[in-house]
Each structure stands twice: as C-alpha cells, then as structure tokens.
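S.K.: show me the folded form of this:
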Amino acid sequence: MITNKSINASYSGSAIYIRNTRVFLQIFNCELYNAGNQWGDAGIRINNCSNIIIINNDIHDNGYFGMMVYSSNLISIKNSSIGRSIQNGIYCYNSRNVILLQNNILSNLQAGIRSLYSFNVSCEGNVLFNNSYGIYFSSTNQSRISF
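M.R.: From the prediction side, this is the model:
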C-alpha cells in the first residue's frame with residue numbers, strides 16, 4: 001500500500017510507475033505532481049498490471065498524462081482529483097475492467113477521460129470541467145457512462 005505520500009517527479013518520468021504485477025496494490029491519499037512531458041509520463045502510470053485500487057488522490061500539474069492505464073485489468077480509480085495535465089486526465093489503452101468512480105477531472109488540455117481499444121470501462125459520477133473533451137472513447141466496447 002502506498003499511503004499519505006507527496007511525490008514530486010521533478011519533471012522527469014512518472015511520480016509512480018507500476019508495471020508487470022498481479023499483486024493487489026492500493027494507492028491512497030497521495031499527492032502526485034510534476035511528471036515529465038514525454039509520452040507515457042504520468043502522475044500514476046500503470047502498465048501490464050491487475051488488481052490496483054487508487055483512492056482519494058490529488059494528481060496535478062503533470063507534463064503528459066494525469067494517469068495512464070496501459071494493457072491492464074481490474075483497475076479502480078475513485079474519489080480522486082486529476083487536473084492540469086498537458087494531454088489527458090486519465091488515459092486508458094488496451095485495458096479491461098476499469099472503474100472510474102466519482103473523480104473530479106479538470107483543466108486537462110486534451111480529454112478528461114480518454115479510452116482506446118479497451119473493454120468494460122465504467123465511468124460513473126465523475127465531474128469533468130474545462131477539458132478540451134470531457135470523455136473520448138474510441139474502439140472501447142461493453143462500457144458505460146453515467147453522471
């Protein structure tokens with residue numbers, strides 16, 4: 001469990017980068033900011049993982065993505081604030097069974113939530129404000145959006 005941390009990525013890489021694990025992991029009540037501006041850099045970057053829960057985090061001022069979920073399964077992002085990223089607040093690619101619940105996603109230069117080539121992405125009760133696009137899904141199947 002990663003709890004109560006403030007992580008400044010100092011404009012290089014991701015504040016938290018988790019990859020290639022199936023172990024249950026929780027990220028709770030953290031502040032994650034100043035990720036780099038290269039493709040894939042994020043406040044939280046998840047690559048080829050399962051069973052990760054992200055709750056009550058403040059993810060802001062990141063150079064590329066606020067959060068990146070890439071080729072992963074069973075990921076939950078809840079009650080977090082995600083804002084002021086150069087690209088998307090949450091970027092989900094080639095992932096399955098992703099829950100985005102009651103997040104505040106604001107002032108990202110591209111989409112608040114963007115999902116590509118994913119399956120069963122659930123967006124419920126999220127507040128999206130001042131993003132170029134609120135929610136952008138492409139080739140994302142068996143998914144639902146409710147406000």
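
S.K.: quick one: mean pLDDT for the biggest strand by length in the chain?
M.R.: Once the chain is assigned using DSSP state E, the strand that runs over the most residues is strand 42-55. What strand 42-55 shows for mean pLDDT is 98.

S.K.: what packs against it?
M.R.: Packing contacts for strand 42-55, counted by 3 or more CB pairs under 8 Å, 6 or more residues apart in numbering; DSSP states H and E, involve strand 16-21, strand 25-28, strand 31-33, strand 58-60, strand 65-70, strand 73-78. Bear in mind the C-beta positions are built from the backbone N, C-alpha and C, glycine included.

S.K.: if we use 7 Å, what do you get?
M.R.: Based on contacts counted as 3 or more CB pairs under 7 Å, 6 or more residues apart in numbering; DSSP states H and E, the elements that strand 42-55 packs against are strand 16-21, strand 25-28, strand 31-33, strand 65-70, strand 73-78.

S.K.: contacts for the third one next, please.
M.R.: The list of residues contacting strand 31-33 from outside it, by CB atoms under 7 Å, 6 or more residues apart in numbering, reads 6-8, 15-16, 43-44, 57-62.

S.K.: bridged to the residue most central in space within the chain, which residues?
M.R.: Nearest to the mean C-alpha position of the chain, by CA atoms, centre = their mean, lies residue 67 at 2.8 Å. Each beta-bridge partner of residue 67 is listed here: residue 44, residue 90, as defined by DSSP bridges.

S.K.: what do you get for residue 123?
M.R.: Assigned bridge partners for residue 123, using DSSP bridges, are residue 100, residue 145.

S.K.: quick one: contacts for it?
M.R.: When contacts are counted by CB under 7 Å, 6+ apart, residue 123 touches 100, 113, 135, 145.

S.K.: just the buried residues out of the residues you listed, in ChimeraX syntax.
M.R.: Here is the ChimeraX command that picks out the buried ones among the contacts of residue 123, judged by 16 or more other CB atoms under 10 Å:
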select :100,113,135
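
S.K.: min pLDDT across the contacts of residue 123, which one?
M.R.: Comparing pLDDT over the contacts of residue 123, residue 145 scores lowest. The value there is 91.
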